[in-house]
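**Student:** need a structure here:
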Amino acid sequence: MRGRAPRGRATPYLFVAPALAVYGAFLLYPLLRAVQFSFYDFDGLTVGTPVGLANYAAVLTDAGLRAAFGHALVLVVFFSLLPLAVGLVLAALLVRARVRGLPLFRTVVFLPQVIAMVVVAVAWRRIYAPDGTLNDLLRAVGLDALTRTWLGDYATALPAVGLIGTWVSTGLVTVLLMAGMARVPKELYEAASLDGASPARQLRALTLPAIRPEIAVALTLTIISALKTFDLVYVTTGGGPGTSTTVPSYEVYRRAFELGEVGAAAAVGVVLTVLVFAVNLVVNRVADRQR
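**Tutor:** Numbers count the residues shown, from 1 in each chain. Model (predicted):
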């Protein structure tokens, strides 16, 4: 029995070894290689030249890169905060009210999540086109002065892309919040109503404290989606007009595959990864502290 004890202790590690091997080969190793490349002036073909922290310094000093990270933070508002506000209202109405066909409504609301983002981008690019659906609707109601090239205007391109993210994320957030609200006993709402609490007060005092875990999950998923978005920007605007819709992930692609600056692209990717981890660590720490 004593001789078999070490083998018994190793058994759990043997079970997880295949998963760890796959995880290491397809995630950890490429990540470590990206970190290595970020310290080189490297075009992906010839031998790289060590440059130390120069690529990271460029991330801080390059106005274009700083603007790209700023655009990503703007998209966080559209991908995360707006869907959270809209989803909270929708979920509260659907859970508290008796709505026929609720499962069908949940499916319809969640549908954008199961559509490939490239398909979503192509469809919305057509909606935003000068002769597209949005401008046709504005002309139909006599608001011709508001029509414009939504994705070709410096002032509207980034918000237009962000609103696509709002449309995609709202369904996910709504379904998550509805699942959390369903756990709250109806008796609590009835008691609060008898005490004269308004629906807004009930939402603030009863619902929000109960669904903090779901809010944290929703913020985590949507913030990650906003910060790493690439295909949506690539298909709708290509980072334009000018550089008004560039985001870090698009800069990684542009620098690596168009400019041949693999080392600089790797540095941007590493900084973006650290930013994603930091933002979501803060979100989850705040959620855990308020429980």
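
**Student:** use CA for all of it now, contacts and neighbours both
**Tutor:** Noted.

**Student:** three-state assignment of the residue nearest to Leu102 when sequence neighbours are not counted?
**Tutor:** Counting by C-alpha to C-alpha, 6 or more residues apart in numbering, Leu94 is the residue found nearest to Leu102 once chain neighbours are left out, at 7.7 Å. Three-state assignment for Leu94 (DSSP: H, G, I helix; E, B strand; the rest coil): helix.

**Student:** For the stretch 1-150 of the chain, which segments count as helices?
**Tutor:** Taking DSSP state H, counting those that start in this stretch, the helices of the stretch 1-150 of the chain run over residues 5-23, 29-37, 54-61, 63-76, 82-96, 102-114, 117-128, 133-140.

**Student:** so which of those comes closest to Gly196?
**Tutor:** Among the helices of the stretch 1-150 of the chain, helix 82-96 comes nearest to Gly196, with 16.9 Å by C-alpha to C-alpha.

**Student:** how far is that closest one from where the chain is centred?
**Tutor:** The chain centroid and the centroid of helix 82-96 are separated by 19 Å under C-alpha atoms, centre = their mean, to the nearest Å.

**Student:** by how many degrees do that helix and helix 63-76 diverge?
**Tutor:** Counting by axes from the mean of the first three to the mean of the last three C-alpha atoms, to 10 degrees, helix 82-96 points 10 degrees away from the direction of helix 63-76.

**Student:** Show me the contact partners of helix 82-96.
**Tutor:** Identification of contacts with helix 82-96 by C-alpha atoms under 8 Å, 6 or more residues apart in numbering yields 102, 166-167, 169-171, 173-175, 177-178, 181-182, 203, 215, 218-219.

**Student:** What subset of those is buried?
**Tutor:** Neighbour counting with 16 or more other C-alpha atoms under 10 Å marks 166-167, 169-171, 173-175, 177-178, 181-182, 203, 215, 218-219 as buried within the contacts of helix 82-96.

**Student:** ok, of these, which one's closest to Gly48?
**Tutor:** Looking across the buried ones among the contacts of helix 82-96 and measuring by C-alpha to C-alpha, the closest to Gly48 is Leu219, at 39.1 Å.

**Student:** Can you give the contact residues for the helix or strand where the closest one lies?
**Tutor:** With secondary structure defined by DSSP states H and E, Leu219 is part of helix 212-228. Applying C-alpha under 8 Å, 6+ apart, the set of residues contacting helix 212-228 from outside is 72-73, 75-76, 79-81, 84, 165, 169, 172-173, 176-177, 180, 248-249, 272, 276, 280, 283-284, 287, 291.

**Student:** For Val47, the count of nearby residues, please.
**Tutor:** The number of residues packed near Val47 is 10, by other C-alpha atoms under 10 Å.

**Student:** dump the residue contacts of it.
**Tutor:** By C-alpha under 8 Å, 6+ apart, Val47 has no neighbours at all.

**Student:** In terms of pLDDT, where does it sit?
**Tutor:** You'll see Val47 listed with a pLDDT of 83.

**Student:** Got a PyMOL select line for the buried ones in the contacts of helix 212-228?
**Tutor:** Of these, the buried ones can be selected in PyMOL as follows, counting by 16+ other C-alpha under 10 Å:
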select buried, resi 72+73+75+76+79+80+81+84+165+169+172+173+176+177+180+248+249+272+276+280+283+284+287
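
**Student:** Next one: the residue nearest to Thr149 when sequence neighbours are not counted from Ile215, what distance?
**Tutor:** With sequence-adjacent residues excluded and distances taken as C-alpha to C-alpha, 6+ apart, Thr149 is closest to Pro130, at 5.1 Å. Distance of Pro130 to Ile215, given as C-alpha to C-alpha, to the nearest Å: 37 Å.

**Student:** Likewise for Leu28?
**Tutor:** 29 Å.

**Student:** in this protein, what spans have low per-residue confidence?
**Tutor:** The model of the chain has pLDDT under 70 over residues 1-8, 98-99, 290-291.

**Student:** Which helix runs longest in it?
**Tutor:** Longest helix in the chain, counting residues (DSSP state H): helix 262-289.

**Student:** Which neighbouring elements make contact with it?
**Tutor:** helix 29-37, strand 40-41, helix 54-61, helix 212-228, helix 248-253 (3 or more C-alpha pairs under 8 Å, 6 or more residues apart in numbering; DSSP states H and E).

**Student:** Please state the offset of the shortest one from the chain centre?
**Tutor:** Right, the one you point to is strand 40-41. The answer for strand 40-41 is 30 Å, by C-alpha atoms, centre = their mean.

**Student:** helices or strands up against it?
**Tutor:** Partner elements for strand 40-41 (3+ C-alpha pairs under 8 Å, 6+ apart): strand 49-50, helix 262-289.
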